[in-house]
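Asker: Next comes the sequence, and after it the predicted model I'd like to discuss.
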Amino acid sequence: MVPSTNPTSTVIFKSLIAVKAGNAIIFSPHPAAAKCTVEAARIMQEAAECAGAPKGLISCITKPTLAATNELMKHKLTDVILATGGPGLVRAAYSSGKPAYGVGPGNVPVYIHESANIEKAVELIIESKTFDYGTICASEQALLVDESIKEKVVAEMTKQGAYFLNEEEKRKVESIILVNGGLNAKMVGKSPQVIGEMAGIEVPSEAKVIVAEETGVGKEYPFSIEKLSPTLAFYTVKDMQAASELAQKLLDAGGLGHTVGIHAEDEKVIEAYTIDKPAGRIIVNAGTTFGAIGATVNVKPSLTLGCGAIGNNVTSDNVTVNHLFNIKRVAFGVRQMPKKEESAQNEPALTK
């Protein structure tokens, strides 16, 4: 299953891990990005054939429908499903009767502690959030900033290309984030300027990311949800404890098991803040987009990020080639079970 937010990179990554594990793979694209996905699969198959692979090793449904996807998931030759997409798709994969690796939403909260290198932290966050216009599920969604450094962080973010909305502009952008209770697909992966046009405001041409100060969490506060675009919620917190409680609320609202970030130089703060976070990836002093996928930290490189049982997934791992083959263990006897004493054999197993 391939999402519309990453219709080509997902194909490339899943093709590599599937073939490396000795499997064929068939893709079911999102209808909104079918042409991209079909072309990416064609290129991967062509490259595989040039390397000696058989025809059909990497295939793709050319006319995606719900019926076609369900048929593919339940087909007798389907051994395992890699489901990257929305909650409905993941539930369908888990209900197919076949083994499935699913993923969950991000809604990643990132705490900037007063001990952080502010200039570097902001640089990493902007770089991370603007990659692919924020469509990576591990990208930052909300910044939680100590009040003692708020003014410095705001100034540095503005210097590096963030555009802070005033209250009127915020209300206008909020009005387009949700449609019928869900994220507005038309703003996903769009530039700050396009989002501004949609909302009826003017965003400067040099702006890299739109930022709105926020205080609440939930759908009544649209900036607090996963937005998959270059938009950020900005929260001011009293201290680490307040940041920790707020991060939990944001994860509860739609990101359990996925990713949490922190920028700090105080190692005791890092340990105290991260130890109880319900997330499979805790990214420290790095952008969460590149950190979570394994590009800038030492976790397994992957574009399929599990959220574990707390996120209704079967694994919290970064799904890799190791998840796509069976391990056969040939085990030789190396010891015998200890023999019981004759007297012990005559004793009853249970005593009153």
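Answerer: Okay, I see it.
Asker: check which helix or strand covers Ala233.
Answerer: According to DSSP states H and E, Ala233 maps onto strand 231-237.
Asker: Describe which strands that strand pairs with in its sheet and in which direction.
Answerer: strand 140-146 (parallel), strand 209-213 (parallel) (DSSP bridges).
Asker: top helix in this structure by residue count?
Answerer: The longest helix of the chain (DSSP state H) is helix 34-50.
Asker: which of the strands paired with strand 231-237 is buried the deepest?
Answerer: Of those, the one with the most neighbours on average (mean count of other Cβ atoms under 10 Å) is strand 140-146, at a mean of 26. For the C-beta atoms, the positions are set from N, CA and C on the backbone; glycine is no exception.
Asker: Hey, what's the angle from whichever helix or strand comes after that one to strand 140-146? Just curious.
Answerer: Next helix or strand after strand 140-146 toward the C-terminus (DSSP H and E): helix 150-159. Between helix 150-159 and strand 140-146, the angle comes out at 140 degrees (axes from the mean of the first three to the mean of the last three Cα atoms, to 10 degrees).
Asker: Now helix 150-159: buried residues?
Answerer: Of all the residues in helix 150-159, those buried under the rule 16 or more other Cβ atoms under 10 Å are 150, 152-154, 156-157.
Asker: what pLDDT does the closest residue to Glu214 other than its chain neighbours get?
Answerer: Nearest residue to Glu214 in three dimensions, chain neighbours excluded: Ala233, at 4.3 Å (Cβ to Cβ, 6 or more residues apart in numbering). Reported pLDDT at Ala233 in the predicted model: 98.
Asker: What of Lys150?
Answerer: So Lys150 comes in at 98 (pLDDT).
Asker: who's in contact with it?
Answerer: Thr236 (Cβ atoms under 8 Å, 6 or more residues apart in numbering).
Asker: try the one 4 residues further on
Answerer: Going by Cβ under 8 Å, 6+ apart, Val154 touches 164, 234.
Asker: quick one: it and Lys340, what's the gap?
Answerer: Taking Cβ to Cβ, to the nearest Å as the measure, Val154 falls 74 Å from Lys340.
Asker: what does Val284 give?
Answerer: For Val284, the distance to Lys340 - Cβ to Cβ - is 53 Å.
Asker: more neighbours, these two?
Answerer: Higher neighbour count among Val284 and Lys340: Val284, with 16 against 10, using other Cβ atoms under 10 Å.
Asker: what helix or strand is Thr296 on?
Answerer: Using DSSP H and E, Thr296 sits in no helix or strand.
Asker: Correct me if wrong: it contacts Thr288.
Answerer: No: counting by Cβ atoms under 8 Å, Thr296 sits too far from Thr288 to count as a contact (9.8 Å).
Asker: those helices in the stretch 151-300 of the chain, which residues are they?
Answerer: For the stretch 151-300 of the chain, the helices defined by DSSP state H, counting those that start in this stretch occupy 167-177, 192-199, 240-252, 267-274, 288-292.
Asker: What is the shortest one packed up against?
Answerer: The criterion is 3 or more Cβ pairs under 8 Å, 6 or more residues apart in numbering; DSSP states H and E, and the helices and strands that helix 288-292 contacts are strand 108-112, helix 118-130, strand 257-263, strand 279-284.
Asker: Need those in CSV (columns: mean pLDDT and distance to Asn70).
Answerer: Compiled in CSV, the helices and strands packed on helix 288-292 are given as follows (pLDDT from 0 to 100; distance: least, Cβ to Cβ, whole Å):
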stretch, mean pLDDT, distance to Asn70
strand 108-112, 98, 31
helix 118-130, 98, 35
strand 257-263, 98, 26
strand 279-284, 97, 28
